[in-house]
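In: Pasted the sequence and its predicted model underneath.
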Amino acid sequence: MNNIHTNSIASSQKRRIPYKREAAFHNIRTRNTDIPSRVGQLNEGQSKARDLIVRGQSLFLTGNAGTGKSFCGREAIKSKNGNIAVTAASGSAAALLGGQTLHNLLGIKPAVGVSPAEVTKLVHGDAKESMRKLDLLVIDEVSMVGAELFEQANAILQDARDCADPFGGVQLLLVGDFLQLKPINDAWAFESDAWKAAGLESAVLTESMRQEDPEFVDLLNAVRVGELGNANESLLRSRIGSEIANPIEVHTHRKSVERANEQGLGLLPGQAKTYTCTESGNRALLSGCPLEHRLSIKKGSAVVHLVNNRDAGLVNGSQGVIVSMREDGVIVEFADGATRTITAHSMEVITGWRDASIYTKEGVRKTIKEPIIGARRTQIPLRLGFASTVHKAQGQTYTSALCSLGASWEAGQAYVGLSRVSDIQGLSLTCMPRIHTDAKALAFMKSISND
């Protein structure tokens with residue numbers, strides 16, 4: 001059943017309760033992690049994937065939402081020597097990784113309709129120098145990298161390194177799920193000749209680290225492939241109009257999100273306090289940084305934490321309510337009931353690596369690699385959490401969400417929206433979601449799983 005849709009229940013009938021700090025989150029069980037909380041350790045599948053990377057094998061690392069793909073990739077990078085470039089399709093995903101967009105690494109602007117042979121002429125010299133030193137290229141959110149850009153990356157690396165081997169002989173770590181969000185106006189990367197030539201092994205992670213309820217995991221797996229059984233559909237329908245505490249609204253359209261965030265903030269009494277970011281370096285590199293330029297909040301505002309901080313028990317997507325505001329930070333009550341002080345956080349865009357010398361305690365000189373910081377933004381890592389688009393929600397983990405997915409129009413949207421919550425008791429729907437799948441992506445992912 002590839003498309004499921006019923007008439008939407010008017011959101012005014014089942015709106016969340018007013019945003020008040022007293023409306024506690026405590027009745028909702030939460031497990032604050034989008035990565036293994038069984039803590040900090042790789043499971044068997046993740047360990048095998050890391051070992052392949054350490055041994056120099058180019059790898060496509062995939063799996064369902066919440067299986068710890070990005071965490072596994074980060075752990076693999078820690079174990080790998082050499083010059084490593086961490087990239088992603090979007091600026092927001094790249095910033096969370098401490099990396100850069102793939103376009104920036106390649107030294108080009110988006111070049112739609114430009115052939116691989118011609119695109120090499122558009123690369124600036126500094127980028128070529130960085131690519132010559134490259135040992136491992138990491139691309140997160142690879143499902144959103146189109147076939148054209150993937151072919152261009154292959155050609156650019158071959159040219160920059162004067163090497164005809166696929167991607168100029170650079171090892172690849174491609175992380176993502178082709179049953180989530182897809183590239184805009186382009187074919188899938190796996191359809192390209194460059195993908196076929198790259199010599200990729202595939203590692204499919206299967207253990208859910210975000211959700212623990214087997215019934216919910218089964219439902220999400222069914223939505224992912226567009227094959228809902230009667231039990232799956234009944235479980236989904238049971239969540240329509242469910243009353244849950246302080247959910248974030250998840251919408252398919254940006255205007256709905258802007259309206260909900262403005263409304264939520266406006267309903268609160270008092271004046272908003274605004275925190276303005278500081279920036280340095282090439283500001284063009286910060287175009288996709290998730291940290292806000294200006295963060296305007298009030299006491300009682302619903303907010304979402306934007307970075308992972310395991311020591312504090314916070315992840316990208318942790319939900320909370322503003323308790324108070326100071327000049328140097330804000331006090332937030334989070335969904336686990338704990339109150340934490342959130343201060344400014346810096347996100348950096350790494351544009352390359354250089355040799356640097358350090359001395360050990362014994363006075364021995366050692367050469368290490370240190371990052372070249374192309375740009376930096378510093379801001380309190382929060383944004384208003386009354387609502388989010390599906391695209392911005394990708395990669396985040398929510399305790400409670402009110403999903404309006406009846407207007408989904410592209411493959412993977414409903415799946416990404418539904419899979420943000422860690423427990424089905426934290427999920428409410430305004431209507432049955434419209435579920436779309438892509439036949440080519442389904443066939444490809446099934447072939448990977450069967451290998």
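Out: Received the coordinates, thanks.
In: the helices in the stretch 151-300 of the chain, which residues?
Out: Secondary structure of the stretch 151-300 of the chain (DSSP state H, counting those that start in this stretch): helices at 193-197, 214-225, 230-237, 254-266.
In: Redo those helices as a markdown table? Include mean pLDDT and mean neighbour count.
Out: All C-beta spots, glycine's among them, are computed from the backbone N, C-alpha and C. Listed next are the helices of the stretch 151-300 of the chain as a markdown table, based on pLDDT from 0 to 100; neighbours: other CB atoms under 10 Å:
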| stretch | mean pLDDT | mean neighbour count |
| --- | --- | --- |
| helix 193-197 | 97 | 16 |
| helix 214-225 | 93 | 18 |
| helix 230-237 | 96 | 15 |
| helix 254-266 | 94 | 16 |
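In: Could you dump those helices into TSV with distance to residue 301 added?
Out: Formatted as TSV, the helices of the stretch 151-300 of the chain follow (distance: least, CB to CB, whole Å):
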stretch	distance to residue 301
helix 193-197	44
helix 214-225	29
helix 230-237	30
helix 254-266	6
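In: Of all those, which one is nearest residue 437?
Out: helix 214-225 (6.5 Å; CB to CB).
In: quick one: that closest one to helix 230-237, angle?
Out: If you take axes from the mean of the first three to the mean of the last three CA atoms, to 10 degrees, helix 214-225 sits at 100 degrees to helix 230-237.
In: Which neighbouring elements make contact with helix 214-225?
Out: helix 230-237, helix 413-418 (3 or more CB pairs under 8 Å, 6 or more residues apart in numbering; DSSP states H and E).
In: ok so, going back, do you know which of the helices of the stretch 151-300 of the chain lies nearest residue 165?
Out: helix 193-197 (9.1 Å).
In: And for the closest one, what's in contact with it?
Out: 147, 150-151, 153-154, 166-167, 189 (CB atoms under 8 Å, 6 or more residues apart in numbering).
In: make it 10 Å
Out: Helix 193-197 has contacts (CB atoms under 10 Å, 6 or more residues apart in numbering) with 60, 116, 142, 147, 149-155, 157-158, 165-167, 172, 174, 188-190, 444.
In: for the helices and strands packed on helix 214-225, which one sits closest to residue 201?
Out: helix 413-418 (25.2 Å).
In: can you pull out the helices in the stretch 1-150 of the chain?
Out: Assigned by DSSP H, counting those that start in this stretch, the stretch 1-150 of the chain shows helices spanning 44-54, 69-78, 91-97, 102-106, 116-119, 125-132, 147-161.
In: ok, of the ones you listed, where does mean pLDDT dip lowest?
Out: Among the helices of the stretch 1-150 of the chain, helix 91-97 carries the lowest mean pLDDT, at a mean of 71.
In: all helices for the stretch 351-451 of the chain, in order.
Out: Using DSSP H, counting those that start in this stretch, the helices of the stretch 351-451 of the chain run over 390-393, 413-418, 439-450.
In: quick check: mean pLDDT across the last one?
Out: The predicted model gives helix 439-450 an average pLDDT of 91.
In: by contact count, what packs against it?
Out: strand 59-63, strand 201-205, helix 214-225 (3 or more CB pairs under 10 Å, 6 or more residues apart in numbering; DSSP states H and E).
In: I'd like the ones you listed written out as JSON lines, with distance to residue 312 added.
Out: Shown next, in JSON lines, are the helices and strands packed on helix 439-450 (distance: least, CB to CB, whole Å):
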{"stretch": "strand 59-63", "distance to residue 312": "26"}
{"stretch": "strand 201-205", "distance to residue 312": "26"}
{"stretch": "helix 214-225", "distance to residue 312": "26"}
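In: To residue 365, which of the ones you listed lies closest?
Out: Going by CB to CB, the one of these nearest residue 365 is strand 59-63, 34.7 Å.
In: and residue 328, what is it in contact with?
Out: 275, 341, 343-344, 380.
In: gap between it and residue 279?
Out: Computed with CB to CB, to the nearest Å, the distance linking residue 328 and residue 279 is 18 Å.
In: so where's this protein uncertain?
Out: 1-40, 92, 95-96, 450-451 (pLDDT under 70).
In: ok, the most centrally placed residue in it - contacts?
Out: By CA atoms, centre = their mean, the chain has its centre lying nearest to residue 395, at 3.1 Å. Counting by CB under 10 Å, 6+ apart, residue 395 touches 34, 65, 69-70, 88, 90, 92-93, 96-97, 140-141, 180, 290, 315-317, 416, 420.
In: quick one, phi/psi of it?
Out: Dihedral pair for residue 395: phi 90, psi -10, per degrees, to the nearest 10.
In: what's the burial count for residue 439?
Out: 10 (other CB atoms under 10 Å).
In: Surely it is in contact with residue 445?
Out: No: here residue 439 does not reach residue 445: they are 11.1 Å apart, not a contact under CB atoms under 10 Å.
In: so how far is the first residue of stretch 311-323 from its last?
Out: End-to-end distance of stretch 311-323 (CA to CA, to the nearest Å): 21 Å.
In: what's the answer for stretch 290-299, then?
Out: End-to-end for stretch 290-299, by CA to CA: 22 Å.
In: circling back: can you say which of the contacts of helix 193-197 are buried?
Out: 60, 116, 142, 147, 149-155, 157-158, 166-167, 172, 174, 188-190, 444 (16 or more other CB atoms under 10 Å).
In: Many thanks, we can stop here.
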